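Student: Sequence and computational prediction follow.
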Amino acid sequence: MNIDITGHHIEITDSMRNYVSTKFDRLKRHFDNVVTDSHVILTVEKQRQKAEATVHIKGHNVFADAVNEDMYTAIDSLTDKLDRQIKKHKEKDSNHHRATGGLKNQPLQVEE
């Protein structure tokens, strides 16, 4: 996965970069090679620490943001939100009524 990290009004340190990459490793477990690009923006505005990210998945983009007083806590809640959204997207992608075999494989019901 390619993670692009930018900062607004903040200098991105190596520890922040490593923390974001370890947290985003958690997102890789849902899709092996499907998650290709991620763009993370870390912003500081007065006492607000904001983390937002856009993750490009095959055929879909997932966006989430989180605001907190601590940047690391904002990154944690951001990855939690992205994790939930990716799980939901994966379930939608794989659940196309395949359990019943689809419409073509259903027996014909003839009314008399």
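Tutor: In hand now; what should we look at? Numbers count the residues shown, from 1 in each chain.

Student: give me the element the residue nearest the centre of the chain is part of.
Tutor: What sits nearest the mean C-alpha location of the chain, by CA atoms, centre = their mean, is L82, with 3.2 Å. Assigned by DSSP states H and E, L82 belongs to helix 71-94.

Student: Rounded mean pLDDT for that helix, please.
Tutor: Mean per-residue pLDDT for helix 71-94: 88.

Student: looking just at contacts, which helices and strands does that helix meet?
Tutor: Helix 71-94 is packed against helix 14-28, strand 37-45, strand 48-57, strand 60-68, with contacts defined by 3 or more CB pairs under 8 Å, 6 or more residues apart in numbering; DSSP states H and E. (C-beta placed from N, C-alpha, C; glycine too.)

Student: now it: how far from the chain's centre is it?
Tutor: Put simply, helix 71-94 sits 4 Å off its chain's centre (CA atoms, centre = their mean, to the nearest Å).

Student: and the angle for that helix with strand 48-57?
Tutor: Relative orientation of helix 71-94 and strand 48-57, computed by axes from the mean of the first three to the mean of the last three CA atoms, to 10 degrees: 30 degrees.

Student: List the buried residues of helix 71-94.
Tutor: Buried residues in helix 71-94, counted by 16 or more other CB atoms under 10 Å: M71, A74, I75, D76, L78, T79, K81, L82, D83, Q85, I86, H89.

Student: so what's I3 closest to, chain neighbours aside?
Tutor: Leaving aside its sequence neighbours, I3 sits nearest to S38 (CB to CB, 6 or more residues apart in numbering; 4.7 Å).

Student: I'd like the buried residues of helix 71-94 as CSV, with distance to I5 appended.
Tutor: Output for these, formatted as CSV (distance: CB to CB, whole Å):
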residue, distance to I5
M71, 12
A74, 13
I75, 10
D76, 16
L78, 12
T79, 13
K81, 17
L82, 14
D83, 18
Q85, 19
I86, 19
H89, 23
